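Colleague: the sequence and its predicted three-dimensional model are supplied below.
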Amino acid sequence: MNRNQIIDSETKLMSNLYWKRGLVASKGQGSLLWDLNGKEYIDCTSNYGVAIVGHCHPKVVEAVKLQTEQLMSCHGAYFNEARSKFLEKLNKVAPKELTRSFLSNSGTEAVEFAFKLAKKKTGKTEIIAMMNAFHGKSMGALSATWKKKYKEGFGPMLPGFKHAPYGNIQKINENITSETAAIIVEPIQGEGGINVPPQDFLKQLREICDEKNILLIFDEIQTGMGRTGKMFACQHSGVTPDIMCISKGVASGLPLGVTMSKEEVMSAVGIGDHSSTFGGGPIQCAAGAATIDVLVEEKLPEKAMIKGKYIFEKLHEMSTKYKTIRESRGMGLMIGVELRFEVINIMNFCQERGVLTLEAGRNILRLLPSLVITQNQIDKVLNVLNESFEVEESERFPR
Ligand SMILES: Cc1ncc(COP(=O)(O)O)c(C=O)c1O
């Protein structure tokens, strides 16, 4: 099919749910993506944080090929080596108290099960989520998600969900009742604007939860798998949640969601309480195991931290130069640049010049490059960003 045929058929046949960027993706390798006409892009989206070890990492491709020839599906009712290997590897890199996992197919499903687990374990019914949180769009996760626009026309939301200001321990405390089963937070908020909480926030949450017998859930779907400079963002503060949700990068693009928990939490559920036909299938697990191997062998979380520091330094320099930039924030290769205006012009400018970016709200530019992005590619991205800010500046603040 040619470019126009592909665009026409998707436009005609697909649900109208995505903001399309006019790009027909055809091939990927490392941090590069090519469209159907062979135009090359540096992909600073890594497909919404998914291609964490780069597009088509040879080790992941090989693992998927081998597993595809061996066995493509395997229900959780049967034991399977690919699944066991994945779980063993995950347990080695995750906080050590989180020994048990439920495997599903997406982030939102990982969150759904976290809520069911918290309710079953505590016998309580309420969940406190954060303002500006994003946890997915299935009904439970959507109830915890903050943005009103995502909820319009889909009400009523599930009962028992409340929202408190992110980072504000006192306000969170005020929302706790005798029915609070769990508090869910992203260690750094992604979709909601790349918001980094105050330094002791996670520690203080842990203390409150311990004191009041509430389960603490970390949604590491965007922050996990090395994105912020550690395998999981909670490892920066040494705080272990009772339940942790993972997805996106965990299997380099194959559908895999993981809800990890402490032994005593997972023991609250038993046969039939929850399930997923495809969850933890062998191809996803083989991809997941290979992804973890690559992250560890290539020391990618550590490298993400170093690359991130360099990028933040350069962004800081730009912010002193351009009024367009309000601030840059994030950690490792989870990067947000808050602008004084909508980001759409900047995104379009970058795409035209071969750099793909994301937004996190109307005026926040989000960069989630793969952790294998090279120094040369980083410098090209920074040059294009610099140019885009310069153009924006000259239009918004003419001299
Ligand atoms: C923090 C967080 N939680 C949950 C989700 C939902 O994941 P999925 O789109 O795989 O359902 C996302 C997706 O962007 C996310 O960033």
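Modeller: Cool, the structure landed.

Colleague: contacting residues for the residue of the chain found nearest the ligand?
Modeller: Per CB to the nearest ligand atom, Gly107 is where the chain lies closest to the ligand, at 2.2 Å. C-beta here means a position set from N, CA and C on the backbone, and glycine is covered the same way. Contacts for Gly107 were tallied using CB atoms under 8 Å, 6 or more residues apart in numbering; they are His135, Gly136, Ala141, Asp219, Ile221, Cys245, Ser247, Lys248, Gly257.

Colleague: beta-bridge partners for the fourth one, please?
Modeller: When bridges are called by DSSP bridges, Asp219 pairs up with Cys245.

Colleague: spell out which parts of the stretch 151-300 of the chain neighbour the ligand.
Modeller: Residues of the stretch 151-300 of the chain lying close to the ligand by CB under 6 Å from any ligand atom are Glu186, Gly190, Glu191, Asp219, Ile221, Gln222, Ser247.

Colleague: of those, select the buried ones using a PyMOL command.
Modeller: Selection of buried members from those for PyMOL, criterion 16 or more other CB atoms under 10 Å:
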select buried, resi 186+190+191+219+221+222+247
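
Colleague: just the residues of the stretch 151-300 of the chain next to the ligand: which are in strands?
Modeller: Using DSSP state E, the members of those that fall in strands are Asp219.

Colleague: now for the residues of the stretch 151-300 of the chain next to the ligand, which pair is the farthest apart?
Modeller: Using CB to CB, the pair of those lying farthest apart is Glu191 and Ser247, separated by 13.4 Å.

Colleague: hmm, back to that, name the nearest of the residues of the stretch 151-300 of the chain next to the ligand relative to Lys96.
Modeller: Distances from Lys96 to these, taken by CB to CB, are shortest for Asp219, at 19.8 Å.

Colleague: so what's the closest one up against?
Modeller: Going by CB under 8 Å, 6+ apart, Asp219 touches Gly107, Val111, Ala114, Ala133, His135, Ile184, Val185, Glu186, Cys245.

Colleague: widest-spaced pair of the residues you listed?
Modeller: Gly107 and Val185, at 14.7 Å, using CB to CB across these.

Colleague: what pairs with the strand or helix carrying Glu338, and is each one parallel or antiparallel?
Modeller: Using DSSP states H and E, Glu338 sits in strand 334-339. Applying DSSP bridges, strand 334-339 is found paired with strand 325-331 (antiparallel), strand 364-367 (antiparallel).

Colleague: buried residues in the longest one?
Modeller: By 16+ other CB under 10 Å, the buried positions in strand 325-331 come out as Ile325, Ser328, Arg329, Gly330, Met331.

Colleague: need the nearest residue in space to the last one, chain neighbours excluded.
Modeller: In space, not counting the residues next to it along the chain, Met331 is nearest to Thr228; the distance is 4.3 Å by CB to CB, 6 or more residues apart in numbering.

Colleague: count the neighbours of that neighbour for me.
Modeller: Thr228: 27 surrounding residues under other CB atoms under 10 Å.

Colleague: that one in helix, strand or coil?
Modeller: On the three-state scheme (DSSP: H, G, I helix; E, B strand; the rest coil), Thr228 is labelled coil.

Colleague: got the contact list for Phe201?
Modeller: When contacts are counted by CB under 8 Å, 6+ apart, Phe201 touches Gly167, Ile169.
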